[in-house]
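Colleague: I would like the atomic coordinates for the input below:
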Amino acid sequence: MESTPLRVGILETGRPPEELAPSYPDYPGMVAEWLAPLPAEFTSFAVLDGEIPAEPSVCDLWVITGSKFGVYEDHSWIAPLEGFIRACRDAGKKMIGICFGHQIIAQALGGKVSKSHKGWSLGVQDYAVTGWPEGLGAAPEAITLQAYHQDQVDAAPDGAEVIAASDFCPIAGLWYPGFALTFQGHPEFRAPYTSALLDCRKGSILAPALVEEAQETMSKPTNADVLAERIAAHHTAI
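Modeller: Here you go, the predicted model:
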């Protein structure tokens, strides 16, 4: 008898730039592709359009995507999303946060997020593993992910454990025991999309020199697949 697939809800808080949308999946599509090892049915909710799930029980596991928006900005959907995050925690539902998702979960639970005075973190970045969730399999030697962010978590909420860090981003991964696993980097981004995104923003949002430096890292492999495999095998241990 086949087991019932896990119900994964993807909370869409951002979209690729319009000029890239025809050539690449949307962010929920990228997340589903990353988490392909998970035997799951994926449903997306356009949170940035005000679509907040009715209740946490709609899905078994929730994933919050990346976004061009800041968690501290005044958007009508930010406060409802924070309320939903707290409701998921209180209901015992598991959650994964990516970039903006990493930041909004921290903010919703009492942490602090701001635009970093260090500027942009772009391209493939290495993060030291400073801790690892019990029961989530062997800890990787390091976490290597695509990065595209200027905002950072400055202070983790009470009870959250830092699991990944770099000199540039001291709180690059957080584990909320029994609730959530979050990453500042983008495990769902693949090199072709990140490269196209960098070129798309070159000379407007991003300085050309920064883009050129980041493009040089595109051939470096990430280990996002390792994270997906750990989550697929041990998601109940988050």
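Colleague: Find the centremost residue of this protein, please.
Modeller: Central residue of the chain (Cα atoms, centre = their mean): Ile98, 0.5 Å from the mean position.
Colleague: close enough to count as contact, Pro5 and Ala40?
Modeller: Yes - at 5.4 Å, Pro5 counts as touching Ala40 under the criterion of Cβ atoms under 8 Å. (Each C-beta comes from the backbone N, C-alpha and C, glycine too.)
Colleague: Ser44 - how many residues pack around it?
Modeller: 19 (other Cβ atoms under 10 Å).
Colleague: what sits against Gln146?
Modeller: For Gln146, the contacting residues are Gly123, Val124, Gln125, Gly185, His186, Pro187, Phe189, Arg190, Ala191, Thr194, Thr222, Ala224, by Cβ atoms under 8 Å, 6 or more residues apart in numbering.
Colleague: which SSE is the nearest residue to the residue nearest to the centre of the chain once chain neighbours are set aside in?
Modeller: The spatially closest residue to Ile98, leaving aside those adjacent along the chain, is Gly66, at 5.3 Å (Cβ to Cβ, 6 or more residues apart in numbering). Gly66 belongs to no helix or strand when assigned by DSSP states H and E.
Colleague: and if you look at Asp90?
Modeller: Residue-wise, Asp90 maps onto helix 78-91 under DSSP H and E.
Colleague: now Pro25
Modeller: Assigned by DSSP H and E, Pro25 belongs to no helix or strand.
Colleague: Can you tell me the closest non-neighbouring residue to it?
Modeller: Leaving aside its chain neighbours, Pro25 sits nearest to Glu33 (6.7 Å; criterion: Cβ to Cβ, 6+ apart).
Colleague: any idea of the pLDDT on the residue nearest to the centre of the chain?
Modeller: Here, the pLDDT recorded for Ile98 equals 98.
Colleague: Ok, Glu134 next?
Modeller: Glu134 carries a pLDDT value of 85.
Colleague: can you check Ser23 too?
Modeller: Reported pLDDT for Ser23: 97.
Colleague: Looks like the residue nearest to the centre of the chain contacts Leu181 (just checking).
Modeller: No - judged on Cβ under 8 Å, Ile98 makes no contact with Leu181 at a distance of 10.1 Å.
Colleague: Correct me if wrong, but Gly123 is in a strand.
Modeller: Yes - assessed with DSSP: H, G, I helix; E, B strand; the rest coil, Gly123 lies in a strand.
Colleague: quick one on the thing from earlier: list the buried residues in the helix or strand in which the residue nearest to Pro25 is found.
Modeller: Assigned by DSSP H and E, Glu33 belongs to helix 27-34. Neighbour counts over helix 27-34 (16 or more other Cβ atoms under 10 Å) mark Tyr27, Pro28, Gly29, Met30, Val31, Ala32, Trp34 as buried.
Colleague: Adding pLDDT and distance to Gly131 as columns, could you present those residues in a markdown table?
Modeller: Output for these, formatted as a markdown table (pLDDT from 0 to 100; distance: Cβ to Cβ, whole Å):
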| residue | pLDDT | distance to Gly131 |
| --- | --- | --- |
| Tyr27 | 98 | 27 |
| Pro28 | 98 | 29 |
| Gly29 | 98 | 31 |
| Met30 | 98 | 27 |
| Val31 | 98 | 24 |
| Ala32 | 98 | 28 |
| Trp34 | 98 | 22 |
